[in-house]
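any chance you can model this:
(one chain, ligands or ions: 1)
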Amino acid sequence: MGIKPKIVIIGAGFGGIELAKAFRNKPVDVLLINRNNYHNFQPLMYQVATGGLEPGSIAYPIRRIFRRYKNVTCRMADVFEADVPQNQLLTSIGNIAFDFLVIATRSQNNFFNFEPIKEKLLTLKSIPDALNIRSFLFQNLEKALTNRGEESLEEIFNVAIVGGDLLDWNWQEHWPK
Ligand SMILES: Cc1cc2nc3c(=O)[nH]c(=O)nc-3n(C[C@H](O)[C@H](O)[C@H](O)COP(=O)(O)OP(=O)(O)OC[C@H]3O[C@@H](n4cnc5c(N)ncnc54)[C@H](O)[C@@H]3O)c2cc1C
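Below is the predicted model:
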């Protein structure tokens, strides 16, 4: 049997994971690279941000998802650059060669009209983001307890949420098994 083509997928979000699964038992070798060694289940991130769930409940080990996939290997690394003419990636764990490359590194935060004040905003795209929001909310609750009128309670408590979707979406169907 000849050498199998090597498909490198950057990003183990829903997109990268579903694609890697589709290559199961196919005559290819898949390397899935992700910045963290866990998949971040974004739909429940609001629960971490508001103290309803612990971060570990929405962080699923990527290698566990692929433990029965003989042709899928996982690596934790940051990809810095793709050298397409040379068919290789420059990453935090060295250069990685590929025959085919898939970039599934998600969308970015869009601040729309809030771009000028984005440094002051809290975003919700990663587990560290969710923990930042949580810590901010809890610190404000503590502040409110000892507040003797120095600050208005409204200022401490009010939270403005920008963005979000109302989706009829069953997350349990998508939770990795
Ligand atoms: C708070 C929140 C709630 C949501 N709720 C819902 C919902 O209820 N229903 C719904 O349908 N959608 C929801 N979404 C949207 C959904 O989560 C995204 O559309 C989906 O996660 C996008 O998948 P993806 O694979 O494209 O990217 P992601 O899931 O973002 O995955 C990209 C991966 O690439 C990795 N990565 C990025 N750059 C690099 C790099 N340079 N090197 C290595 N790794 C890298 C990241 O670490 C990440 O793991 C929500 C999103 C958020 C933020």
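
which stretches of the protein have low pLDDT?
Under the criterion pLDDT under 70, the flagged ranges of the chain are 1-2, 165-177.

burial count for whatever residue of the chain ends up closest to the ligand?
Of all residues in the chain, Gly13 sits closest to the ligand, at 2.0 Å by C-beta to the nearest ligand atom. Where you see a C-beta, it was placed from the backbone N, CA and C, and this is true even at glycine. Close neighbours of Gly13, defined as other C-beta atoms under 10 Å, add up to 16.

all further residue positions should be reported with the first residue as 5.
With 5 as the first residue, the last one maps to Gly17.

correct me, but it touches Ala108?
Yes: using C-beta atoms under 8 Å, Gly17 makes contact with Ala108 at a distance of 6.3 Å.

next, give phi and psi for the spatially most central residue of the chain.
When C-alpha atoms, centre = their mean is applied to the chain, the residue found nearest the centroid is Asn44 (4.6 Å). Per-residue torsions, Asn44: phi -100, psi 110 (degrees, to the nearest 10).

what is it paired to in the beta sheet?
Beta bridges link Asn44 to Ala63 when assigned by DSSP bridges.
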